[in-house]
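J.: quick one: sequence and predicted model below, then my questions.
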Amino acid sequence: MSNSKVLVTGGAGYIGSHTCVQLLDAGHELVVLDNLSNSSPEALRRVQQITGKTLQFVEGDIRDRPLLDDLFANHSIDSVIHFAGLKAVGESVQQPLHYYQNNVAGTLTLCEAMAAHGVKKIVFSSSATVYGDPASVPITEDFPLSATNPYGRSKLHIEEMLRDFSVADQATNELSPWSIVLLRYFNPVGAHPSGQIGEDPNGIPNNLMPYISQVAVGKLEQLSVFGGDYDTVDGTGVRDYIHVVDLANGHLKALEKLDQPGSEGVSTYNLGTGNGYSVIQAVEAFEQASGRQVPYKIVGRRAGDIAACYAAPALAAKELNWHASLNIDDMCSDAWRWQSNNPDGYS
Ligand code: NAD
Ligand code: UD1
């Protein structure tokens with residue numbers, strides 16, 4: 001498995017850059033394809049600095065078929081890890097076509113190019129958002145799927161599309177069927193322990209942990225806690241926060257799975273810790289890790305939010321031999337190291 005050549009789409013982004021570090025450390029050769037629409041080339045420079053290894057970067061778009069044809073013709077790619085996509089829920093409600101074009105059409109173009117060049121192993125970044133408002137927790141992979149916004153539906157459409165052509169391909173092309181791993185991430189947070197790479201959201205963060213970090217570093221005044229009346233431990237929303245380095249390692253395990261005999265078809269795994277933390281518990285953990293106060297006030301619920309969401313991670317443990325090993329304190333102290341060393345992110 002070492003020295004395989006992996007195409008990482010969206011590799012300059014938050015999760016992609018952390019995964020590149022783990023992949024390079026494990027001895028893989030990397031080609032990163034990213035249009036830099038939500039990332040900086042500085043992240044890739046730092047990935048190479050952390051690892052002392054080089055990767056090849058192609059600036060471009062997954063919807064650009066001629067570029068993909070050149071890329072596959074010029075590199076003998078063994079497998080693809082596909083992170084590239086847009087991910088802001090609110091923006092997806094305002095610009096659904098843009099989301100379907102970028103995420104769904106982009107993945108379709110990527111897969112067509114892969115098929116044309118005989119590359120049929122792909123790991124896809126899905127999300128716990130495909131479970132919608134789950135009837136209970138913890139969530140297993142066989143829970144009903146229902147997205148509540150265009151971003152979530154783009155993930156669902158892609159999952160279904162990948163399942164469809166895997167089935168068709170297995171029926172007609174037994175010699176080289178697709179092997180596909182769908183990874184449903186819970187809430188990725190934290191940063192590389194070096195403090196050199198991390199999450200660098202544009203503008204005011206939508207997600208909890210980057211918002212808390214920016215309050216702690218003094219860039220934002222106080223956190224608004226969305227809802228204090230949920231049926232949870234303290235009334236605030238509960239989520240399964242997972243350290244981005246654990247998540248990155250899940251991709252290495254998924255790649256190993258793709259290489260095993262019998263991996264043809266589609267396998268789907270939750271990547272979460274199996275533990276839920278409330279907003280208040282997350283604030284307290286961050287205060288402890290940073291030594292800073294995080295002032296907050298409880299406000300009304302955010303539209304579309306659910307009370308509690310956490311994974312049953314047993315299937316990934318059993319079939320991928322993967323489990324999260326870092327805890328909420330690691331997540332907060334690594335996020336804080338990144339935020340305090342880089343108050344303005346990569347810029
Ligand atoms: P990110 O925005 O930091 O990274 C995505 C990368 O893809 C960016 O570098 C962006 O420039 C690139 N990109 C976007 N559209 C592209 C295109 N058409 N062609 C080429 N490159 C393109 O996001 P992330 O947090 O690292 O997320 C990575 C993947 O994981 C996404 O697919 C996202 O939907 C999924 N995901 C993220 C989360 C999360 O909370 N961060 C949770 C679940 C799933
Ligand atoms: C959000 C997305 C989800 C996406 C996930 C990626 C929405 C509605 N959902 O999920 O589709 O897959 O990010 O990580 O945007 N909170 C506050 N104050 C804040 C921000 C958040 O109290 O300023 C609370 C939320 O109400 C929630 C928890 O913190 O209870 C986590 O929120 P967030 O980080 O935005 O993640 P999700 O809502 O789980």
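T.: Great, that's in hand. For clarity, every value in this text was computed on a predicted model and none was experimentally measured. Ligands and ions are numbered 1, 2, ... in the order given.

J.: so where does the nearest residue to Leu271 once chain neighbours are set aside fall, helix or strand?
T.: Computed as C-beta to C-beta, 6 or more residues apart in numbering, the closest residue to Leu271 that is not its neighbour in sequence is Gly250, at 4.6 Å. (Glycine included, C-beta is placed from N, CA and C.) Secondary structure from DSSP states H and E places Gly250 in helix 244-259.

J.: separation between the residue in the stretch 201-347 of the chain that ligand 1 sits nearest to and Ser176?
T.: Relative to ligand 1, the nearest point of the stretch 201-347 of the chain is Asn207 (6.4 Å; C-beta to the nearest ligand atom). Plainly put, Asn207 is 40 Å away from Ser176 if you go by C-beta to C-beta, to the nearest Å.

J.: look up phi and psi at Gln49.
T.: The phi/psi pair for Gln49 (degrees, to the nearest 10) reads phi -70, psi -40.

J.: I'd like the distance between it and Asn38.
T.: Gln49 sits 21 Å away from Asn38, going by C-beta to C-beta.

J.: neighbour-wise, which of these two wins?
T.: Set side by side, Gln49 and Asn38 show more neighbours around Asn38, with 18 against 12, by other C-beta atoms under 10 Å.

J.: with adjacent residues omitted, what lies nearest to that one?
T.: That would be Gly13: by C-beta to C-beta, 6+ apart, it lies 6.2 Å from Asn38.

J.: check what pLDDT whichever residue of the stretch 151-300 of the chain sits closest to ligand 2 gets.
T.: Distances between the stretch 151-300 of the chain and ligand 2 by C-beta to the nearest ligand atom are smallest at Gly237, namely 2.2 Å. Note for Gly237: predicted pLDDT of 98.

J.: surely it meets Tyr230?
T.: Yes - the criterion here is C-beta atoms under 8 Å, and Gly237 meets it with Tyr230 at 5.8 Å.

J.: list residues touching both of those two?
T.: Counting by C-beta atoms under 8 Å, 6 or more residues apart in numbering, the contacts common to Gly237 and Tyr230 are Ala307, Ala308.

J.: ok, which stretches of the protein are strands?
T.: Ranges of strands in the chain, per DSSP state E, are 5-9, 29-34, 56-59, 79-82, 121-127, 179-185, 187-189, 223-226, 238-239, 241-243, 265-271, 277-278, 296-299, 308-309.

J.: by contact count, what packs against the third one?
T.: Which is strand 56-59. With contacts defined as 3 or more C-beta pairs under 8 Å, 6 or more residues apart in numbering; DSSP states H and E, the packing partners of strand 56-59 are strand 29-34, helix 41-51.

J.: only alpha carbons, please: show the first one as CSV.
T.: Extracted in CSV, the C-alpha atoms of strand 29-34 (Å, rounded to 0.1, in the frame of the first residue of the first chain):
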residue,chain,number,x,y,z
GLU,A,29,2.8,10.1,-3.4
LEU,A,30,0.2,12.9,-3.7
VAL,A,31,-1.3,15.0,-6.5
VAL,A,32,-3.5,17.7,-5.0
LEU,A,33,-6.2,19.2,-7.3
ASP,A,34,-7.8,22.3,-5.8
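
J.: what's the neighbour count on Thr129?
T.: Thr129 - counted by other C-beta under 10 Å - has 25 other residues nearby.

J.: next, count neighbours for the residue lying closest to it once chain neighbours are set aside.
T.: In this structure, Thr129 finds its nearest non-sequential neighbour in Gly152, 4.1 Å apart by C-beta to C-beta, 6+ apart. Counted with other C-beta under 10 Å, residues neighbouring Gly152 total 23.

J.: and what of the one 4 residues further on?
T.: For Leu156, the count of nearby residues is 18 (other C-beta under 10 Å).

J.: residues in contact with the residue in the chain positioned nearest to ligand 1?
T.: With C-beta to the nearest ligand atom as the measure, Gly13 is the residue of the chain nearest to ligand 1, at 2.0 Å. Neighbouring residues of Gly13 by C-beta under 8 Å, 6+ apart: Asp34, Asn38, Ser39, Ala43, Phe83, Ala84.
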